[in-house]
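*Asks:* Provide a 3D model corresponding to the input given below.
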Amino acid sequence: MICESQKAVVEFLSSPKNFGGAPVQQIDTHLSHVFLVGARVFKIKRAVRYDFADFSTIDLRKKSCEHEVRINCRTAPDMYLGVVPLYRSGDGVSWNGNGTIAEWAVEMVRFDSDQQFDMLLARGKLDASMIRPLADKIVEFHMSAEVINSFRPGGGVGAALDQVSTSLHEHEIGATRERDIARWASLALEEFKSNARFLESRRRHGWARHCHGDLHLANICMFRGKPTPFDAIEFNDELANIDVLYDLSFAVMDLVNHGRRDLANLLLNRYLSATRDYSGVRLLRLFQSMRAGVRAMVLSLPTQPEKSQRLADRYIDLALEYLIGESGPRMIVIGGYSGTGKSTLARDIALHFDGLCGAVILRSDVTRKRLAGCAPEERLHDESYSGERAHKVYGQLLKGASRVLRAGQPAIIDATFLNAKFRQAAAKVAKNADVPFDGLWLSAPRDVLIDRISARPDGASDATVEVLDNQLEQFPAPTDWRIIDASGSRRDVLDEILQSLDESG
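*Replies:* All right, here's what the predicted structure looks like:
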């Protein structure tokens, strides 16, 4: 509901004469008027009241502007400069201090809108080199965010579901998609009820924090060379005081919606490798479905253009899709000598599971780096590859996989598994979880492996030709795993593996 006219302020901020003649680009959202001029951005809150946001008075809008700067400085401190007043006098609206306060505006450093992740994705420019540091940025943000102890029952998820379904029914889309919305609300509520105790347990263990709250691709950009989340929810803390995986799920869902399941899987697995929140993956179906529902709700608001309201239909479909199909738990272990392509094939296999963002991947190279307190791309000293360290690495891998399986999701472990004891331990994890187990051993001639190791870009693996020769000399291929010839093309090897998985169940 629009509560008062802001026509004079909007006209002032949209006029180039008030910025020394510089052209002004105006962007309107359901909650804000945004003005891009030169190297700056000025953003005012719309004088509206919704069931989830109240900007009906100038005092509420000032408070919201101040809160917006404060919370966005957590992830984008160089972008948010402060809050500035606009004045009203007999001569109209102005920047000077004469008259009464007409409005408050957030002042920001302008960035290239083409660098927003949704725009990069639309142009085919969003890639893994941006997703990896984004995951690291979100991890850093979540782990330093304020822990929320006073949490609503069920983590506020039940209340959020009720709000979204009610709003969807009330909007125009409710008339055309009434049955689908009702079905989604019923399935989501059932999923929530089955996880209510788990949500409460996560709150007690510190997984509920003051998060971003609106972490879709349009609210992430490349700013000064780094992935930067901005425009966090400031108007309603309850919408941002959420489970960290619910926060992450917005970006993951958005990537899935735009047809980039590979990037969604990378974002999720990079994040999980750092937080080790593997038990939480049982909530991903619900959380990502809810995020699709939220997107549909926002896009179907009466203030949105017709094009946005049409897009809302796609998000309704996606919200349902998350809750209808499910792969179920399964353990796949990909072993073999260095250079056989284990990591590449693990990523490919992960996307062939029904879960929309793919299977959870646990990599020994990444786990070893995390245990050493290093980023996956940093190189380690030789002592990090000792026998004692190997036991710790495999222990972490198997513990994480066990949690994923108990959460009802498929797990893929990517490691050499040269030691027979580690292979036996992996099979035991699957047996204890009562899930199918697939041990795949990749093999290729030595000259092929040497060529691949030599051609590798910088990544998580530190393997060298010397390491490879040591592996070949000391560790024979297992006789109880399926041997896969990995010397062919990536497509051919993947097809053979997928056929093997289909045959085994």
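
*Asks:* use CA for all of it now, contacts and neighbours both
*Replies:* Noted.

*Asks:* and Met108, how far from Lys17?
*Replies:* Counting by C-alpha to C-alpha, to the nearest Å, the gap from Met108 to Lys17 is 20 Å.

*Asks:* longest helix of this protein?
*Replies:* Using DSSP state H, we find that the single longest helix of the chain is helix 178-204.

*Asks:* how about that helix: buried residues?
*Replies:* By neighbour count on 16 or more other C-alpha atoms under 10 Å, the buried set for helix 178-204 is 178, 181-182, 184-185, 188-189, 191-192, 195-196, 198-200, 202-203.

*Asks:* ok, the residue nearest to Arg276 when sequence neighbours are not counted - contacts?
*Replies:* Closest residue to Arg276 apart from its sequence neighbours, by C-alpha to C-alpha, 6 or more residues apart in numbering: Gly400 at 7.1 Å. Gly400 makes contact with Arg276, Tyr278, Leu362 under the criterion C-alpha atoms under 8 Å, 6 or more residues apart in numbering.

*Asks:* off-centre distance for the host helix or strand of the last one?
*Replies:* Using DSSP states H and E, the element containing Leu362 is strand 360-363. In terms of C-alpha atoms, centre = their mean, to the nearest Å, the centre of strand 360-363 is found 16 Å from the chain centre.

*Asks:* partner strands of that strand, with direction?
*Replies:* Take DSSP bridges as the rule and strand 360-363 pairs in its sheet with strand 411-414 (parallel).

*Asks:* give the next helix or strand downstream of the strand it pairs with.
*Replies:* Using DSSP H and E, the helix or strand that follows strand 411-414 towards the C-terminus is helix 420-433.

*Asks:* angle of the helix or strand just after that next one against helix 420-433?
*Replies:* Moving toward the C-terminus from helix 420-433, the next helix or strand (DSSP H and E) is strand 437-443. Here strand 437-443 points in a direction 150 degrees away from that of helix 420-433 (axes from the mean of the first three to the mean of the last three C-alpha atoms, to 10 degrees).

*Asks:* give me the contacts around strand 437-443.
*Replies:* 330-337, 340-342, 427, 430-431, 477-478, 481-487, 501, 504.

*Asks:* those residues in strands, which ones?
*Replies:* Residues of these located in strands (DSSP state E): Met331, Ile332, Val333, Ile334, Gly335, Gly336, Arg482, Ile483, Ile484, Asp485.

*Asks:* name the nearest residue to the residue lying farthest from the centre of the chain, sequence neighbours excluded.
*Replies:* The C-alpha centroid of the chain is most remote from Gly90, which lies 49.7 Å away (C-alpha atoms, centre = their mean). Closest residue in space to Gly90, ignoring its immediate chain neighbours: Gly99 at 8.0 Å, by C-alpha to C-alpha, 6+ apart.

*Asks:* try Val41
*Replies:* Met108 (4.9 Å).

*Asks:* so where's the stretch 201-350 of the chain shaky on pLDDT?
*Replies:* 303, 326 (pLDDT under 70).

*Asks:* go on, the chain?
*Replies:* Confidence mapping of the chain against pLDDT under 70 gives the ranges 1, 3, 151-155, 303, 326, 354-355, 380-387, 456-463, 505.

*Asks:* please redo it, this time with the cut-off set to 50
*Replies:* 384 (pLDDT under 50).

*Asks:* domains in it, by residue range?
*Replies:* Recorded structural domains for the chain (assignment: automatic domain parsing) are 7-110, 115-324, 331-504.

*Asks:* can you say which of those is packed in most?
*Replies:* Of the domains of the chain, the one with the most neighbours on average (mean count of other C-alpha atoms under 10 Å) is domain 115-324, at a mean of 19.

*Asks:* now do the strands in the stretch 151-300 of the chain.
*Replies:* According to DSSP state E, counting those that start in this stretch, the stretch 151-300 of the chain carries its strands in the segments 208-210, 220-223, 226-229, 241-243.

*Asks:* identify all contacting residues around the third one.
*Replies:* Contacts made with strand 226-229 from outside it, assessed by C-alpha under 8 Å, 6+ apart, are listed as Thr75, Ala76, Met130, Pro133, Leu134, Lys137, Leu215, Asn219, Ile220, Cys221, Met222.

*Asks:* how far away is the nearest residue to the last one once chain neighbours are set aside from Gly280?
*Replies:* Going back to what we said before, that points to Met222. Leaving out its chain neighbours, the residue that sits closest to Met222 by C-alpha to C-alpha, 6+ apart is Gln115, at 5.3 Å. Distance from Gln115 to Gly280, counting by C-alpha to C-alpha: 31 Å.

*Asks:* try Ile316
*Replies:* 24 Å.

*Asks:* on that earlier part again, put the alpha carbons of the strand holding Leu362 into PDB.
*Replies:* Provided in PDB are the C-alpha atoms of strand 360-363 (Å, rounded to 0.1, in the frame of the first residue of the first chain):
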ATOM      1  CA  VAL A 360      27.500 -33.500  -2.400                       C
ATOM      2  CA  ILE A 361      31.200 -33.900  -3.300                       C
ATOM      3  CA  LEU A 362      33.900 -34.400  -0.800                       C
ATOM      4  CA  ARG A 363      37.500 -34.000  -2.100                       C
END
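
*Asks:* could you point out the helix or strand that follows that strand?
*Replies:* Assigned by DSSP H and E, the successor of strand 360-363 is helix 364-371.

*Asks:* that following helix packs against which elements?
*Replies:* On a contact count with 3 or more C-alpha pairs under 8 Å, 6 or more residues apart in numbering; DSSP states H and E, helix 364-371 meets helix 261-275, helix 387-406.
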